[in-house]
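Engineer: Predicted model follows, preceded by the sequence.
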Number of protein chains: 2
Amino acid sequence: MGIKLTDVAKKAGVSATTVSRVINNYGYLSQKTIDKVHKAMEELNYQPNSMARSLQGKNTQLIGLIFPTVSHPFYGEIVSKIETKLFEKGYKTILCDSANNKEKERDYLRMLIANKVDGIIAGAHNLDIIEYKNVGLPIISFDRYLAEGIPIVSSDSYQGGRLATEQLYQRGGRKIAIFTGTNESASPTNQRLNGYLSVIKEHHLDPMVYHFPLEYSPFLKATEIRQILSRDKIDSVFCTDDLTAILVINKAKELGLEIPEQLKVIGYDGTEFVQNYFPQLSTVLQPMDQFVDLLIDLLMKRINNADVELDNLYQLSVKFIQGQTS
Amino acid sequence: MGIKLTDVAKKAGVSATTVSRVINNYGYLSQKTIDKVHKAMEELNYQPNSMARSLQGKNTQLIGLIFPTVSHPFYGEIVSKIETKLFEKGYKTILCDSANNKEKERDYLRMLIANKVDGIIAGAHNLDIIEYKNVGLPIISFDRYLAEGIPIVSSDSYQGGRLATEQLYQRGGRKIAIFTGTNESASPTNQRLNGYLSVIKEHHLDPMVYHFPLEYSPFLKATEIRQILSRDKIDSVFCTDDLTAILVINKAKELGLEIPEQLKVIGYDGTEFVQNYFPQLSTVLQPMDQFVDLLIDLLMKRINNADVELDNLYQLSVKFIQGQTS
DNA sequence: ATGAAAGCGCTAACAA
DNA sequence: TTGTTAGCGCTTTCAT
């Protein structure tokens, strides 16, 4: 293997203990010794072995991130932000793209335990609640219900759903549809639907709810959207994510529908990516940076004190962004 | 800490060694013992400590991935694919978003060494070559020159550049511009420019080369693109990445330019994301899955035999995808 | 101010 | 077929 502590000790003419003290900046040391050791470390290009360090029961400074996939710009963006902030705090990130696959998620969870990560931030779940309960590690969840006692950070999806739907109504929409994912009753995301329904009800409109299974490919989804748009009388669509909204816009154009005159579209997420490359899209902006700050703050609290009292749900407020599609 | 091997040994009434043998499926064991141990492991919900294992000098089964940022769909997609494939092979992925930041990249490199990763796949570099040379770990590079002896996997950028430019010419383009990144002479990416130049020369056209610094925000880039489009006489643009192409299309629309009649645009990358959500874009498709397979194959070869002879450069062929923007 | 020795959880000779 | 023992690289009492 590489250069180790004893090599440095030998070179500097001191004991291993002393080198360890220098590295950890701990105990009494003469400046002369410190310099000697530093010099030896540099000459040997020495890197302490993290494995050996964490064997003592010290923190691994490793955090597991479980998200569906970073190939999705929304998750890519939040993962990137989390990773960056964690790195600044001296943590490394183990990336786990669960791919919405139960087996893979279970394997990952095991692996993270085996690797003695200090904590987990999870934005995906397909496992039974019990499996998350048994992890016995600090976990914070993003936008999903995992298990009792695991705090959830999410946007105020109910308000977000209301905001988008109300906008569509104000702009003249009367046949307002919602395009959303599969019904996961316990997750905050589902509140977008409830927000939509409440506004629909207030205005005495007919709800038009379309569910798209998670495992649908974008192509399949697009095909179905095209069918819906050409078949059903719809003048407005609230999509519970921006990418679906983009599909709707593409298909509407193919069908010769004028946007926003004949069809109004509002998305949900408002990533930097969408703001930069699809600035025309009206959307509900989720506070990504606040998510990240809060997720990490909460996780750090749990890591430093496993018994700290945390709320079950943290809801951050959203903002409507007026584009040209509504 | 958690449950350890000796706890299992005690519970099963055997020695630690025996438990170790069961875990590693190694040496002679009676079925009875195996069952006993398995039973104890399950009852205790035991997970071996990877740290302790790798201290013996065994592989950590950890791979470091250094890429600019997974918030970019191209890198998000390739990182996601790499991660998935590595996981299937029993490796875990440490994600390093270098953010094109020299300090961060250096810190990451140190950290990966300290964590004794088995290898590195790097798709970013801002460090001096010497630093990569000194890593002393299997490294494979994606699309960048890192140092002598570190194999590069990339698309055939020269051909790609020719392909796109030739297409623009065939479709009637005579004022063909290229929008590209900063000049990094040693990197394959730069060959896209050379491919462009060669076709321009063949047809006796004037080269129109626009460089955009890497650190430009999309907004800044868009502003500049708008200026260029309204100021200079250009009838075609070859963008060396798809996102820039999207910006060009957005700004062209703002300026009332008809696409492809008044302005033809071709991008480069052809991620699944762009194919799904921007199907109208003409682009040069990079073979993502082949990249991933090759990167991992090469890395595994180096991991299993540090002295294995590998080529310096692996160029995979690209494919032109005809959309509606050219 | 520094060093010797024990031990973190696991594996691998070597014995039995 | 199983157990004993030493040791991976580092930290941490306890001495000196």
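Structural biologist: Perfect, I can see it now.

Engineer: Show me the helices in chain A, by range?
Structural biologist: A:5-12, A:16-24, A:31-44, A:50-55, A:73-88, A:102-114, A:129-133, A:157-170, A:191-202, A:218-231, A:242-254, A:272-277, A:288-304 (DSSP state H).

Engineer: Any chance of a markdown table for those helices, columns distance to chain B, mean neighbour count and mean pLDDT?
Structural biologist: Bear in mind the C-beta positions are built from the backbone N, C-alpha and C, glycine included. Output for the helices of chain A, formatted as a markdown table (distance: least, Cβ to the nearest Cβ, whole Å; neighbours: other Cβ atoms under 10 Å in any protein chain shown; pLDDT from 0 to 100):
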| stretch | distance to chain B | mean neighbour count | mean pLDDT |
| --- | --- | --- | --- |
| helix A:5-12 | 12 | 18 | 94 |
| helix A:16-24 | 11 | 17 | 93 |
| helix A:31-44 | 12 | 15 | 93 |
| helix A:50-55 | 5 | 20 | 90 |
| helix A:73-88 | 4 | 23 | 97 |
| helix A:102-114 | 5 | 19 | 89 |
| helix A:129-133 | 11 | 15 | 79 |
| helix A:157-170 | 20 | 22 | 98 |
| helix A:191-202 | 21 | 19 | 97 |
| helix A:218-231 | 4 | 16 | 97 |
| helix A:242-254 | 5 | 22 | 97 |
| helix A:272-277 | 4 | 20 | 97 |
| helix A:288-304 | 10 | 18 | 97 |
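
Engineer: Using a markdown table, lay out these together with distance to B:Ala9.
Structural biologist: Below are these laid out as a markdown table (distance: least, Cβ to Cβ, whole Å):
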| stretch | distance to B:Ala9 |
| --- | --- |
| helix A:5-12 | 30 |
| helix A:16-24 | 30 |
| helix A:31-44 | 38 |
| helix A:50-55 | 18 |
| helix A:73-88 | 36 |
| helix A:102-114 | 18 |
| helix A:129-133 | 26 |
| helix A:157-170 | 49 |
| helix A:191-202 | 49 |
| helix A:218-231 | 51 |
| helix A:242-254 | 52 |
| helix A:272-277 | 52 |
| helix A:288-304 | 30 |
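
Engineer: mind putting those helices in TSV, distance to DNA strand C included?
Structural biologist: Formatted as TSV, the helices of chain A follow (distance: least, Cβ to the nearest atom of the strand, whole Å):
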stretch	distance to DNA strand C
helix A:5-12	7
helix A:16-24	4
helix A:31-44	4
helix A:50-55	4
helix A:73-88	25
helix A:102-114	8
helix A:129-133	20
helix A:157-170	42
helix A:191-202	42
helix A:218-231	43
helix A:242-254	43
helix A:272-277	42
helix A:288-304	18
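
Engineer: Count the residues that sit near the closest residue to A:Tyr210 other than its chain neighbours.
Structural biologist: Of all residues not flanking A:Tyr210 in the chain, A:Phe179 sits nearest, at 5.1 Å (Cβ to Cβ, 6 or more residues apart in numbering or on different chains). By other Cβ atoms under 10 Å in any protein chain shown, 25 other residues sit near A:Phe179.

Engineer: Quick check: residues of the stretch 51-200 of chain A near DNA strand D?
Structural biologist: Selection of the stretch 51-200 of chain A residues close to DNA strand D by Cβ under 7 Å from any atom of the strand yields A:52-53, A:55-56, A:58.

Engineer: Give me the domain ranges for chain A.
Structural biologist: What automatic domain parsing lists as the domains of chain A is A:5-48, A:62-155+A:289-316, A:157-286.

Engineer: and A:Ser282, what does it touch?
Structural biologist: Going by Cβ atoms under 8 Å, 6 or more residues apart in numbering or on different chains, A:Ser282 touches A:167, A:264-267, A:320-326.

Engineer: Out of those, which is nearest to chain B?
Structural biologist: Nearest to chain B out of these is A:Gln324 (Cβ to the nearest Cβ; 10.8 Å).

Engineer: Let's see the pLDDT reported for the closest one.
Structural biologist: Looking at A:Gln324, its pLDDT reads 96.

Engineer: excluding its backbone neighbours, what's nearest it?
Structural biologist: A:Gln280 is the one closest to A:Gln324 (Cβ to Cβ, 6+ apart), at 4.4 Å.

Engineer: Also A:Gly27?
Structural biologist: A:Arg21 (4.8 Å).

Engineer: A:Leu29 is in contact with that neighbour, correct?
Structural biologist: Yes. The pair A:Arg21 and A:Leu29 passes the contact test of Cβ atoms under 8 Å, sitting 5.8 Å apart.

Engineer: Would you mind saying which of the domains of chain A lies nearest B:Thr223?
Structural biologist: Closest of these to B:Thr223 is domain A:157-286, at 11.8 Å (criterion: Cβ to Cβ).

Engineer: what's the span of the closest one, first residue to last?
Structural biologist: 9 Å (Cα to Cα, to the nearest Å).

Engineer: And the residue of chain A closest to DNA strand D?
Structural biologist: A:Leu5 (2.8 Å; Cβ to the nearest atom of the strand).

Engineer: Could you pick out the buried ones from the contacts of A:Ser282?
Structural biologist: With burial judged by 16 or more other Cβ atoms under 10 Å in any protein chain shown, the buried subset of the contacts of A:Ser282 is A:167, A:264-267, A:320-321, A:323, A:325-326.

Engineer: okay, these in CSV with distance to A:Leu298 next?
Structural biologist: Output for the buried ones among the contacts of A:Ser282, formatted as CSV (distance: Cβ to Cβ, whole Å):
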residue, distance to A:Leu298
A:Gln167, 31
A:Lys264, 37
A:Val265, 34
A:Ile266, 30
A:Gly267, 28
A:Phe320, 27
A:Ile321, 27
A:Gly323, 32
A:Thr325, 35
A:Ser326, 34
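
Engineer: gap between A:Gly57 and chain B?
Structural biologist: To chain B, A:Gly57 is 6 Å away according to Cβ to the nearest Cβ, to the nearest Å.

Engineer: residues near that residue, how many?
Structural biologist: 8.

Engineer: Regarding stretch A:311-325, how distant is the last residue from the first?
Structural biologist: Terminal residues of stretch A:311-325 lie 37 Å apart, using Cα to Cα.

Engineer: can you check stretch A:143-161 too?
Structural biologist: Using Cα to Cα, first and last residues of stretch A:143-161 are 15 Å apart.

Engineer: Likewise for stretch A:313-326?
Structural biologist: Distance across stretch A:313-326, first residue to last, is 31 Å (Cα to Cα).

Engineer: Contacts for it next, please.
Structural biologist: With Cβ under 8 Å, 6+ apart, stretch A:313-326 has contacts from A:151-157, A:159-160, A:163-164, A:167-168, A:171, A:188, A:236, A:245, A:249, A:259-260, A:264-266, A:270, A:275, A:279-287, A:290-291, A:294, A:298.

Engineer: and A:Gly27, how many residues sit next to it?
Structural biologist: Burial measure for A:Gly27: 10 neighbouring residues, criterion other Cβ under 10 Å.

Engineer: can you tell me the residue of the stretch 1-150 of chain A closest to DNA strand C?
Structural biologist: The nearest approach of the stretch 1-150 of chain A to DNA strand C comes at A:Tyr28, 2.9 Å away (Cβ to the nearest atom of the strand).
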